[in-house]
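what's the 3D shape of this:
(2 chains)
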Amino acid sequence: MKGGTALGRVLGHGSAKNGVGHWWMQRVTAVALLPLTIWFLASLLALHGFDHASVAAWIAGPWHAVLLCLLVMTLCSHSSLGVQVVIEDYVHGHGLKIASLLLSNFAHVLVAAAGVFAVLKVAFVAN
Amino acid sequence: MAEFLLPLGSRVNKNGKTHKAPEGATKVRKFRIYRFDPDSGANPRIDTYEVDMAACGPMVLDALIKIKNEIDPTLAFRRSCREGICGSCAMNIDGVNTLACTKACEEVASSDVKIYPLPHMPVIKDLVPDLTQFYAQYAAVKPWLSTRSTAPPDSERLQSKEDQEKIDGPSACILCACCSTSCPSYWWNSDRYLGPAALLAAYRWIIDSRDESTGERLDALEDPFRLYRCHTIMNCAEACPKDLNPAKAIGELKQMMAERQH
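Prediction:
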């Protein structure tokens, strides 16, 4: 335990003067995900067939492709914010915490990029 | 990583001493109580006390005092007012943090009354936790009136009845620590998260119409750990023996933080 007084330890390095941005974005992405997810599930249910050609044709629709890209990016962004909180809650060694945060960040960006690329590829190749 | 198992020296031996009820006892109830003696070097243990409820007051604190007076004087616990206003006898009874003086033994649903110290705090002895950090967190939110304008020379700083009523609730906090020590987020990160009790105190001064340091107070709280470790688990509101709602106060603090951004 760090030395000094109990009050000194509680005050630590002071307030980081952030946290509200994270809190706000978590809610913004949650609100955005609500219609996107409903649209996505409803569209899947409305699909006539799940064979490659009909799904690819559906994805290739311009609105569908745009909304799918938004869904992938919003989902990854929301998940990244959430996983960050879990890591901050439970991983306490400073080095391990920073490494986990970096790994989580990179993984989320990678998944988002791959998802967007996949949608665009299907959209452009199908037409 | 967060610790999900107690350190080796803190693991509890469930089979401590048993103190049998005296002969002729008519209404025996078992109290299973956490015991820890730092001088013995031994692990904590659970001792069982058979108490004759026919000759005991109704509250859990009455039973603890009876045990200490008549059965085992080595049992250590804090108590003072015995009417729910000092906050000294906060402990974990039947799995819930509450005050021993206002918890009736009959309200305890389990057949045995299980009593532990407040969770996840360093234990000084038996049911006495070390609250040094908890009090420092209270001090850290500067729980006093902070103004820039000078006070009226011939009167108090007045506030309306409505403004007073806003702080009636949070002012009733007795700092028993039932809320903070029931909060999982406080268990994992009490070194940086201020906890529900300190945040409720901060809220009490932030909404006080006479206080002029709202901005500085919000600045001091705007931190991923100090404030935003609250994940609205609500154990604090569930545990509070004064029926206060720290979780709601924290929610309003987060809202104030967002409002001043836009």
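
in stretch A:3-12, what's buried?
With burial defined by 16 or more other C-beta atoms under 10 Å in any protein chain shown, the residues of stretch A:3-12 counted as buried are A:Ala6, A:Arg9, A:Val10, A:Leu11, A:Gly12. The way it works is simple: take the backbone N, C-alpha and C, and place the C-beta from them, glycine included.

distance from that stretch to the middle of the chain?
Centre-to-centre, stretch A:3-12 and its host chain are 36 Å apart (C-alpha atoms, centre = their mean, to the nearest Å).

what's the answer for stretch B:76-90, then?
Using C-alpha atoms, centre = their mean, the offset of stretch B:76-90 from its chain centre is 11 Å.

with stretch B:224-244 instead?
Between the centre of stretch B:224-244 and the centre of its host chain there is 11 Å, according to C-alpha atoms, centre = their mean.

touching chain A at all, it?
Yes: judged by C-beta under 8 Å from any C-beta of the partner chain, stretch B:224-244 comes into contact with chain A at B:Pro224, B:Phe225, B:Arg226, B:Leu227, B:Tyr228, B:Arg229, B:His231.

what distance do you get for B:Cys173 to B:Leu199?
Computed as C-beta to C-beta, to the nearest Å, the B:Cys173 to B:Leu199 distance reads 11 Å.

so those two - more neighbours on which side?
Using other C-beta atoms under 10 Å in any protein chain shown as the criterion, B:Cys173 and B:Leu199 rank with B:Leu199 on top: 28 against 22.

next up, the contacts around the residue nearest in space to the middle of chain A.
Taking C-alpha atoms, centre = their mean, the centroid of chain A lies closest to A:Cys76, which sits 2.0 Å from it. Residues counted as contacts of A:Cys76 (C-beta atoms under 8 Å, 6 or more residues apart in numbering or on different chains) are A:His108, A:Val109, A:Val111, A:Ala112, A:Gly115.

which of these fall within strands?
Of the positions in those, not one sits in strands, assigned by DSSP state E.

what's the closest of those to chain B?
Comparing the contacts of A:Cys76 against chain B with C-beta to the nearest C-beta places A:His108 closest, at 18.0 Å.

quick one: contacts for B:Ser88?
Under the criterion of C-beta under 8 Å, 6+ apart, the contact list for B:Ser88 reads B:Arg78, B:Arg79, B:Ser80, B:Cys81, B:Cys176.

most neighbours among these, which one?
Compared across the contacts of B:Ser88, B:Cys176 has the highest neighbour count, 27 neighbours, by other C-beta under 10 Å.

ok, that residue touching B:Pro241?
Yes: if you go by C-beta atoms under 8 Å, B:Cys176 and B:Pro241 touch, sitting 6.6 Å apart.

all good on my end, thank you.
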